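Asks: Provided below are the primary sequence and the corresponding predicted coordinates.
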Amino acid sequence: MPVRMRRWNDRRLPGDGLRLLVCRYRPRGVRKTDETWDEWDADLGPSRTLHAAAYGKSGPPISWEEYRTRYLAEIESRRARIEELAARVRQGETITLLCSSACMDETRCHRSLLRELIENAVAP
């Protein structure tokens, strides 16, 4: 699969290609020399408001369904960046989307939604 998913603290594996951190917040306490990613695009992560809602910072945490709907609406403004990543995949590059070290269930993570958007954009 040309678009992979891992957590930022997972070790680099052969074939990871571009390791792209797609978290809103940069991991704390990680020195520049210890970064495990090649690029960071905070705007591919959920907004601060959506992130707070998902973690219950201002009330009960929102459901996955609501999170999914809101994230997909937010990310629509980043369509050009998604197309850029899809073009790189079409050219044979592998992209590994990295998220938080605390994100244990990739099926309930924005990176799974982002991967789907990129892969859909790869197909003509």
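Replies: That came in fine, so what should we check first? Numbering: from 1, shown residues only.

Asks: show me where the chain has helices.
Replies: 48-54, 64-75, 79-90, 110-122 (DSSP state H).

Asks: how about those helices in CSV, adding mean pLDDT and mean neighbour count?
Replies: Yep, even glycine has a C-beta here, placed from its N, CA and C like the rest. As requested, these are exported to CSV (pLDDT from 0 to 100; neighbours: other CB atoms under 10 Å):
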stretch, mean pLDDT, mean neighbour count
helix 48-54, 93, 16
helix 64-75, 96, 15
helix 79-90, 96, 15
helix 110-122, 95, 19
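
Asks: which one of the ones you listed lies closest to Leu21?
Replies: With CB to CB as the criterion, Leu21 lies closest to helix 110-122 of the helices of the chain, at 10.0 Å.

Asks: helices or strands up against that closest one?
Replies: strand 3-7, helix 64-75, helix 79-90, strand 95-99 (3 or more CB pairs under 8 Å, 6 or more residues apart in numbering; DSSP states H and E).

Asks: paired strands for the last one, with orientation please.
Replies: Under the criterion DSSP bridges, strand 95-99 sits next to strand 3-7 (parallel), strand 18-21 (parallel) in its sheet.

Asks: can I get those in a markdown table with mean pLDDT?
Replies: Shown next, in a markdown table, are those (pLDDT from 0 to 100):
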| stretch | mean pLDDT |
| --- | --- |
| strand 3-7 | 94 |
| strand 18-21 | 96 |
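
Asks: quick check: which of those is nearest to Ala123?
Replies: Here strand 3-7 is closest among the strands paired with strand 95-99 (CB to CB), at 12.1 Å.

Asks: alpha carbons of that closest one, as PDB, please.
Replies: Once non-C-alpha atoms are left out, strand 3-7 reads as follows in PDB (Å, rounded to 0.1, in the frame of the first residue of the first chain):
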ATOM      1  CA  VAL A   3       0.000   5.200   2.000                       C
ATOM      2  CA  ARG A   4       0.900   3.700   5.300                       C
ATOM      3  CA  MET A   5       0.000   4.700   8.900                       C
ATOM      4  CA  ARG A   6       2.100   4.600  12.000                       C
ATOM      5  CA  ARG A   7       2.600   6.600  15.200                       C
END
